[in-house]
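Peer 1: I'd like to go over a predicted model; first the sequence, then the structure.
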Amino acid sequence: MRLHAPTSRVPAAAPWALGALLLAAGCGGPTADPAATAGAAVPSRTIPLAVEKPQLTLGFIKLTDMAPLAIAYEKGYFEDEGLYVTLEPQANWKVLLDRVIDGSLDGAHMLAGQPLAATIGYGTQADVVTAFSMDLNGNGITVSNDVWRRMQPHLEMDAHGRVAHPISAAALRPVVDAYRAEGRPFRMGMVFPVSTHNYELRYWLAAGGLHPGYYSASDVSGQIQADVLLSVTPPPQMPATLEAGTIHGYCVGEPWNQQAIFRDIGVPVITDYEIWRNNPEKVFGVTRAWAEANPNTHTALVKALIRAAVWLDAGGGANRREAVDILARPDYVGADADVIANSMTGTFEYAKGDVRSLPDFNVFFRYHATYPYYSDAVWYLTQMRRWGQIETAEPDDWYHDVARRVYRPDIYLDAARLVIEEGHAEEADFPFDTDGYRPPTDAFIDGVEYDGRHPNDYLERLPIGLKGTQQTS
């Protein structure tokens, strides 16, 4: 656990300011580094808001996409807002969500599906909101060495004699069939039932003709009619679970795909960038009650996180090596720096030695990555419906209403305007003219177009999955 104490730019009227300054002076706390801030139009001049709650505890899971939290601390951006912040790693996604709901955590790095699922009462009932999307992309699907060996005869090669990417799950189907013939179920891990990883893995499998299974009210395993049996494994445990043979592959964020390469236990076969180019990933979530009780504190947090995201994408990745060294610390991800760098510095290693350029594998600010788009929320809801987590058909307006209850671009844009006024970013960096919906896109591995304004039409176009009034029970 880390206590982060402000060292400068604290509100003059704050009764805790003097103590904070003395603590910082005695403990050598981190200081802001305005010169390192990308896109700054004028020198840093952060004006802290009158925050309602200066002492905060924020949760995260040990993944590289928690980086905005780490950078906001290490670069002093929380301090600039007059905030004490404790960053606290959590054991798994369920514990993290439960602790936000019960107030043990003020907010957390969350799976994008968690605030949505909680709000509609899937798994846990609670009103959770997000005003900040933490990143795009960043996940991969890894298979064991045995599965990779069996897949190879079914893979296409490129003009240079290398395996052609992206790899379709159609190449996995003969392996799944062979396992079945041997009397062995084919099992894969994902991190949580409402995780991006679950939906991305399901999307990839279904696009290749493999059924990933349905959920129902009476069977929450997600394995109804499944060709491939999916189950939950916490991210840091994925490599060990694969090595033990409990699962034959997994979908997870970094650095746990690259860890399989370094430990020579598996091969990453595809990234989520190749499944859905520039897909939304994690969010920063708080309860609705907390947001309503602490509006200035919430805005201040979003301001600090925006600045961290800007820094992470500055100069075409110029700061990524420093970010890697920070994330490698035990307080954060706690993995070997070389493992983290393998995917965070513009490349991605698939099979051993097959290192390829992938500059957009981790995106933290570019492409309006931090804006909480309603269309992102709607996509997650369509996947919940597709696989039976939402049991019955809902009209398009229901999807839009849930998205607006959970995603708060109004708070984000308030924070963005202040960041611009303070000289830490420019107006062109933010989508002030959007209605909250991205343009329609077919940048998926199967080429099916997604338009967030028409969720039911989208579901109709997906060959495998529930649509219309279909139910699993």
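Peer 2: Ah, there it is. Numbers count the residues shown, from 1 in each chain.
Peer 1: quick one: pLDDT of residue 122?
Peer 2: In this model, residue 122 is scored at 97, pLDDT.
Peer 1: looking at it, it is touching residue 389, isn't it?
Peer 2: Yes: assessed by C-beta atoms under 8 Å, residue 122 is found in contact with residue 389 at 5.5 Å. Placement of C-beta: from N, CA and C, glycine included.
Peer 1: Now the common contact residues for those two.
Peer 2: By the contact definition C-beta atoms under 8 Å, 6 or more residues apart in numbering, residue 122 and residue 389 are jointly contacted by residue 194.
Peer 1: Which one of these two is surrounded by more residues?
Peer 2: residue 389 (25 against 19; other C-beta atoms under 10 Å).
Peer 1: now the more buried one, what's its secondary structure?
Peer 2: coil (DSSP: H, G, I helix; E, B strand; the rest coil).
Peer 1: did I read that right, residue 65 in a strand?
Peer 2: No: with three-state DSSP as the criterion, residue 65 is helix rather than part of a strand.
Peer 1: Is it correct that it is in contact with residue 110?
Peer 2: No: using C-beta under 8 Å, residue 65 makes no contact with residue 110, being 10.8 Å away.
Peer 1: and the closest residue to residue 370 other than its chain neighbours, what is it in contact with?
Peer 2: Leaving aside its sequence neighbours, residue 370 sits nearest to residue 309 (C-beta to C-beta, 6 or more residues apart in numbering; 5.0 Å). Taking C-beta under 8 Å, 6+ apart, we find residue 309 in contact with 68, 134-135, 364-365, 369-370.
Peer 1: so which of these comes closest to residue 425?
Peer 2: residue 365 (8.8 Å; C-beta to C-beta).
Peer 1: Confirm that residue 129 lies within a helix, as I assumed.
Peer 2: No: per three-state DSSP, residue 129 lies outside any helix segment and is strand.
Peer 1: Who does it form a beta bridge with?
Peer 2: residue 286 (DSSP bridges).
Peer 1: which helix is the longest one in the protein?
Peer 2: helix 295-313 (DSSP state H).
Peer 1: The helix or strand that comes right after that one: which residues count as buried?
Peer 2: Heading C-terminal from helix 295-313, the first helix or strand you meet, by DSSP states H and E, is helix 320-327. Of all the residues in helix 320-327, those buried under the rule 16 or more other C-beta atoms under 10 Å are 320, 323-324, 326-327.
Peer 1: before we move on, what about stretch 345-364?
Peer 2: Here stretch 345-364 shows 345, 348-351, 358, 360-364 as buried, counting by 16+ other C-beta under 10 Å.
Peer 1: Could you save those as a markdown table and add columns showing distance to residue 268, pLDDT and secondary structure?
Peer 2: Shown next, in a markdown table, are the buried residues of stretch 345-364 (distance: C-beta to C-beta, whole Å; pLDDT from 0 to 100; DSSP: H, G, I helix; E, B strand; the rest coil):
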| residue | distance to residue 268 | pLDDT | secondary structure |
| --- | --- | --- | --- |
| 345 | 16 | 95 | coil |
| 348 | 7 | 96 | strand |
| 349 | 7 | 96 | strand |
| 350 | 5 | 96 | coil |
| 351 | 8 | 93 | coil |
| 358 | 11 | 96 | coil |
| 360 | 16 | 97 | coil |
| 361 | 11 | 97 | coil |
| 362 | 14 | 97 | strand |
| 363 | 18 | 98 | strand |
| 364 | 21 | 98 | coil |
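Peer 1: Give the buried residues for whatever helix or strand residue 240 lives in.
Peer 2: Element membership for residue 240 (DSSP H and E) is helix 238-243. Buried residues in helix 238-243, defined by neighbour count with 16+ other C-beta under 10 Å: 238-239, 241-243.
Peer 1: Which neighbouring elements make contact with it?
Peer 2: Under the contact definition 3 or more C-beta pairs under 8 Å, 6 or more residues apart in numbering; DSSP states H and E, helix 238-243 sits against strand 139-144, strand 187-190, strand 249-253, helix 256-262.
Peer 1: Output that helix as CSV, nothing but the C-alphas.
Peer 2: Extracted as CSV, the C-alpha positions of helix 238-243 are listed here (Å, rounded to 0.1, in the frame of the first residue of the first chain):
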residue,chain,number,x,y,z
MET,A,238,-3.0,-17.2,-16.1
PRO,A,239,0.6,-18.5,-17.0
ALA,A,240,0.8,-20.9,-14.1
THR,A,241,-2.7,-22.3,-14.8
LEU,A,242,-1.7,-22.8,-18.5
GLU,A,243,1.5,-24.5,-17.5
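Peer 1: Count the neighbours of residue 471 for me.
Peer 2: As a measure of burial, residue 471 has 13 neighbours, counting by other C-beta under 10 Å.
Peer 1: unless I'm mixing things up, it is touching residue 390, no?
Peer 2: No: taking C-beta under 8 Å as the definition, residue 471 is not a contact partner of residue 390, at 10.2 Å.
Peer 1: so who does residue 232 touch?
Peer 2: Going by C-beta under 8 Å, 6+ apart, the list of residues near residue 232 reads 189-193.
Peer 1: pLDDT score for residue 45?
Peer 2: pLDDT, residue 45: 85.
Peer 1: Wasn't it part of a helix?
Peer 2: No: per three-state DSSP, residue 45 lies outside any helix segment and is coil.
Peer 1: ok, and the closest non-adjacent residue to it?
Peer 2: Closest to residue 45 by C-beta to C-beta, 6+ apart is residue 422, at 5.5 Å.
Peer 1: Would you mind measuring from that neighbour to residue 342?
Peer 2: 35 Å (C-beta to C-beta, to the nearest Å).
Peer 1: So between these two, which is more surrounded?
Peer 2: residue 342 (23 against 20).
Peer 1: Can you tell me the element that one falls in?
Peer 2: helix 337-344.
Peer 1: What angle do strand 139-144 and that helix make with each other?
Peer 2: 120 degrees (axes from the mean of the first three to the mean of the last three C-alpha atoms, to 10 degrees).
Peer 1: Please spell out which residues along the longest helix of the chain are buried.
Peer 2: Here helix 295-313 shows 297-313 as buried, counting by 16+ other C-beta under 10 Å.
Peer 1: Pop the domain breakdown of this structure in here.
Peer 2: 2-137+280-346+362-429, 139-279+456-460 (automatic domain parsing).
Peer 1: ranking these by mean pLDDT, which is last?
Peer 2: Mean pLDDT per stretch puts domain 2-137+280-346+362-429 lowest among the domains of the chain, at a mean of 88.
Peer 1: returning to that earlier point: so which of the buried residues of helix 238-243 is the closest to residue 462?
Peer 2: Using C-beta to C-beta, the buried residues of helix 238-243 come closest to residue 462 at residue 238, 27.0 Å.
Peer 1: Pull the contacting residues for that closest one.
Peer 2: 142, 189, 250, 252, 256, 259-260 are the contacts of residue 238 under C-beta under 8 Å, 6+ apart.
Peer 1: again, only using 7 Å
Peer 2: 189, 250, 252, 256 (C-beta atoms under 7 Å, 6 or more residues apart in numbering).
Peer 1: which strand residues sit across from the first one in the sheet?
Peer 2: Counting by DSSP bridges, residue 189 forms beta bridges with residue 231, residue 250.
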